[in-house]
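> only geometry, no sequence info:
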């Protein structure tokens with residue numbers, strides 16, 4: 001058994017509740033920009049404070065009481081933030097719904113959670129069941145004069161209810177009261193309601209600032225859904241705690257939307273998932289350097305490759321606005337070749353690891369303190385242990401303890417008991433080991449691990465990482481079929497068509513033969529680079545893209 005533990009430090013934020021945090025931020029940063037849409041004027045912390053107060057009063061008039069569940073279904077916006085803060089600052093419980101959830105999933109979650117009220121953006125209104133008896137509140141109107149006029153201007157309670165010194169229901173919120181129930185949409189199919197307290201989330205945000213200090217000069221550009229705990233805690237609560245500003249795109253972050261926003265906002269902080277930066281590396285860096293014979297030869301000489309990566313890194317930093325100092329990557333493991341590029345490029349990337357059940361941060365490292373393919377050491381105040389480690393590799397299940405660990409799964413007492421060890425540690429379901437510097441290295445999910453015919457442990461994520469770096473491969477999934485190790489591979493057919501352009505006049509059968517030849521090449525390439533037990537028996541073309549979760553992980557249970 002191995003264990004690593006951080007040291008708890010108090011950053012002086014005080015009472016770890018939403019109303020206390022908002023009161024503190026209002027006092028310190030009243031005139032600083034807080035939240036805004038790209039291309040629009042931001043709300044100041046005073047504006048945000050007053051808007052939250054107004055919406056809270058509206059909820060009180062709708063008879064929303066303490067501990068009552070209120071749903072939020074919407075794309076990222078200042079209105080989403082106002083809804084979340086209004087619900088949680090009055091002691092009610094926010095139930096954020098991922099915009100990518102199907103109508104059926106939304107209906108099931110609403111029924112399971114018992115929500116009677118829902119904040120919703122217009123473009124997602126159709127996902128609410130037609131026969132629903134819920135009170136529907138349009139998010140777009142939360143910062144309009146209509147809502148503000150519904151509250152008397154001389155009602156001092158509207159302005160002062162967030163003051164933690166007042167004897168009000170808001171001041172009586174306890175750190176251990178439930179803040180939110182976040183329903184996961186993971187790779188296993190069934191959504192579970194994770195119960196997070198005020199202390200869980202605000203403590204995590206506070207401790208995260210010890211990895212990367214935040215202040216009122218920082219500018220966040222948000223590209224991940226606020227309904228996911230990664231963006232919710234690190235991308236919303238953390239900046240609001242320390243007076244930073246947040247800009248929302250309002251649309252899917254396609255290059256045509258993202259690139260001009262980066263130049264205008266010039267973010268200092270961004271949070272993302274590996275897939276985004278992996279695509280940039282493969283399309284904008286590696287493919288360009290390997291396109292011609294000369295650059296391809298130069299690229300395969302390590303010192304020259306490092307120099308080319310450094311030049312590409314200068315351009316990449318400029319593309320991101322030129323002032324980026326923290327590019328957080330979490331939600332899944334970062335591809336090895338992409339990370340090597342980021343290190344050569346001196347790009348300010350940082351790695352984080354966590355779960356919805358841990359609010360979410362467990363381990364992480366700041367830019368330029370990363371170690372290749374490691375998540376970093378435990379966050380201050382978090383304890384990490386490796387249970388049942390393999391005597392040869394040290395790989396075992398990662399189990400954790402800390403103030404960030406959830407209260408449990410909503411209405412699932414048996415499932416809650418199963419996920420904790422007898423001595424009270426949360427079982428993450430992840431496999432990993434710790435190196436000599438106490439950096440945690442992950443090797444995949446315990447449930448994804450494949451047992452070989454001779455009892456060997458096979459880690460499909462390691463094999464997929466090799467496959468995904470092969471030209472023309474967009475994504476892959478390694479599974480076991482009838483005792484055989486098989487890779488499903490989704491190819492970039494546009495690039496393939498360019499390669500096979502000279503065959504357009506030939507029979508489709510010949511084109512298929514070329515694709516079959518490529519799949520065989522993939523199998524040979526992979527099998528030369530893995531141990532005997534991890535060799536592929538077949539590589540099969542996956543014609544459609546794999547279905548993914550909102551954090552862009554493949555839904556393995558479907559395959």
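Sure thing, it's come through. Just so it is clear, the structure is predicted and the values come from calculations on it, not from any experiment. Numbers count the residues shown, from 1 in each chain.
> is residue 420 in contact with residue 428, as I believe?
No. If you go by Cβ atoms under 8 Å, residue 420 and residue 428 don't touch, sitting 11.2 Å apart. (Glycine included, C-beta is placed from N, CA and C.)
> moving C-terminal of the least confident helix or strand in the chain by mean pLDDT, what's the next helix or strand?
The weakest-scoring helix or strand in the chain, judged by mean pLDDT, DSSP states H and E, is helix 156-160 (a mean of 37). Using DSSP states H and E, the next helix or strand after helix 156-160 towards the C-terminus is strand 178-183.
> how much space between residue 267 and residue 306?
Going from residue 267 to residue 306 by Cβ to Cβ, to the nearest Å gives 27 Å.
> ok, these two, which is more surrounded?
residue 267 (24 against 14; other Cβ atoms under 10 Å).
> are we agreed that the more buried one is in a helix?
No. Counting by DSSP: H, G, I helix; E, B strand; the rest coil, residue 267 falls outside a helix, being coil.
> in the stretch 451-559 of the chain, which spans are strands?
Remark: strands assigned in the stretch 451-559 of the chain by DSSP state E, counting those that start in this stretch are 457-458, 473-481, 484-491, 538-541.
> turn those strands into TSV, columns for mean pLDDT.
Shown next, in TSV, are those (pLDDT from 0 to 100):
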stretch	mean pLDDT
strand 457-458	86
strand 473-481	92
strand 484-491	93
strand 538-541	94
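> for residue 557, find the nearest of the ones you listed.
strand 473-481 (10.8 Å; Cβ to Cβ).
> pull out the buried positions in the closest one.
Under the neighbour-count criterion of 16 or more other Cβ atoms under 10 Å, strand 473-481 has 473, 474, 475, 476, 477, 478 buried.
> and that strand, which strands flank it?
Counting by DSSP bridges, the strands paired with strand 473-481 are strand 484-491 (antiparallel).
> just for the stretch 451-559 of the chain, where's the confidence low?
Residues of the stretch 451-559 of the chain meeting the criterion pLDDT under 70: 454, 498-511, 550-551.
> residue 483: neighbour count?
8.
> nearest residue to it in space, please, no chain neighbours.
Spatially, and ignoring its direct neighbours in sequence, residue 483 is nearest to residue 453 (7.0 Å; Cβ to Cβ, 6 or more residues apart in numbering).
> now that neighbour: how far from residue 535?
11 Å.
> look at those two and report which has more neighbours.
residue 535 (16 against 9).
> list the contacts of that one.
Each residue near residue 535 by Cβ atoms under 8 Å, 6 or more residues apart in numbering is listed here: 485, 526, 527.
> repeat that for 6 Å
Residues near residue 535 by Cβ atoms under 6 Å, 6 or more residues apart in numbering: residue 527.
> next, give phi and psi for it.
Here is the backbone geometry of residue 535 (degrees, to the nearest 10): phi -70, psi 140.
> what segments of the stretch 101-250 of the chain are helices?
Secondary structure of the stretch 101-250 of the chain by DSSP state H, counting those that start in this stretch: the helices cover 103-113, 145-149, 156-160, 198-211, 229, 238-241.
> would you mind finding the most buried of those?
Among the helices of the stretch 101-250 of the chain, ranked by average contacts under mean count of other Cβ atoms under 10 Å, first place goes to helix 229 (a mean of 28).
> from the chain's centre, how far out does that helix sit?
Averaging C-alpha coordinates over helix 229 and over its chain gives two centres that are 7 Å apart (Cα atoms, centre = their mean, to the nearest Å).
> now swap in stretch 71-81 and tell me
From the chain centre to the centre of stretch 71-81 is a distance of 17 Å (Cα atoms, centre = their mean).
> so what touches that stretch?
With Cβ under 6 Å, 6+ apart, stretch 71-81 has contacts from 35, 43, 83, 95-97, 99, 115, 118-121, 124, 139, 142, 222, 226, 248.
> avg pLDDT for that stretch?
Mean per-residue pLDDT for stretch 71-81: 96.
> buried ones in that stretch?
71, 72, 73, 74, 75, 76, 77, 78, 79, 80, 81.
> my guess is residue 526 contacts residue 466. True?
Yes. In terms of Cβ atoms under 6 Å, residue 526 counts as a neighbour of residue 466; the distance is 5.4 Å.
> mind listing what's buried along whatever helix or strand residue 315 lives in?
Taking DSSP H and E as the definition, one finds residue 315 inside helix 302-319. Neighbour counts using 16+ other Cβ under 10 Å place 305, 308, 309, 312, 313, 316, 317 of helix 302-319 among the buried residues.
> with distance to residue 518 added, can I get those residues in JSON lines?
Putting these into JSON lines (distance: Cβ to Cβ, whole Å) gives the following:
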{"residue": "305", "distance to residue 518": "24"}
{"residue": "308", "distance to residue 518": "26"}
{"residue": "309", "distance to residue 518": "27"}
{"residue": "312", "distance to residue 518": "27"}
{"residue": "313", "distance to residue 518": "31"}
{"residue": "316", "distance to residue 518": "29"}
{"residue": "317", "distance to residue 518": "35"}
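> now, which of the buried residues of stretch 71-81 lie within strands?
71, 72, 73 (DSSP state E).
> quick one: mean pLDDT for stretch 172-185?
Mean pLDDT, stretch 172-185: 92.
> so, low pLDDT: which residues of the stretch 1-150 of the chain?
Those would be 1-13, 144-150, if you go by pLDDT under 70 across the stretch 1-150 of the chain.
> just the strands in it please.
2-5, 33-37, 43-44, 69-73, 93-97, 117-120, 135-138.
> partners of the last one, with directions?
I take that to be strand 135-138. Note on strand 135-138: by DSSP bridges, its sheet partners are strand 117-120 (parallel).
> got it, and the shortest one?
In the sheet, strand 43-44 lines up against strand 33-37 (antiparallel) (DSSP bridges).
> and the contacts of the strand it pairs with?
Applying Cβ under 6 Å, 6+ apart, the contact partners of strand 33-37 are 42, 43, 44, 45, 48, 78, 81, 245, 246, 247, 248, 250.
> just flag the most distant two among these.
Among the contacts of strand 33-37, 45 and 250 lie farthest apart (Cβ to Cβ), at 21.0 Å.
> the more surrounded of those two?
residue 45 (24 against 16).
> ok, that one touching residue 29?
Yes. Between residue 45 and residue 29 a contact is recorded at 4.5 Å, counting by Cβ under 6 Å.
> distance of residue 292 from residue 299?
Relative to residue 299, residue 292 is positioned 10 Å away (Cβ to Cβ).
> comparing these two, which residue is more hemmed in?
Taking other Cβ under 10 Å, residue 292 and residue 299 do not tie; residue 299 has more neighbours (19 against 11).
> can you pull the contacts of that one?
289, 290, 305.
> what kind of secondary structure is residue 362 in?
strand.
> about what we covered before: make a markdown table out of the ones in strands among the buried residues of stretch 71-81 and add distance to residue 406.
Output for these, formatted as a markdown table (distance: Cβ to Cβ, whole Å):
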| residue | distance to residue 406 |
| --- | --- |
| 71 | 19 |
| 72 | 19 |
| 73 | 22 |
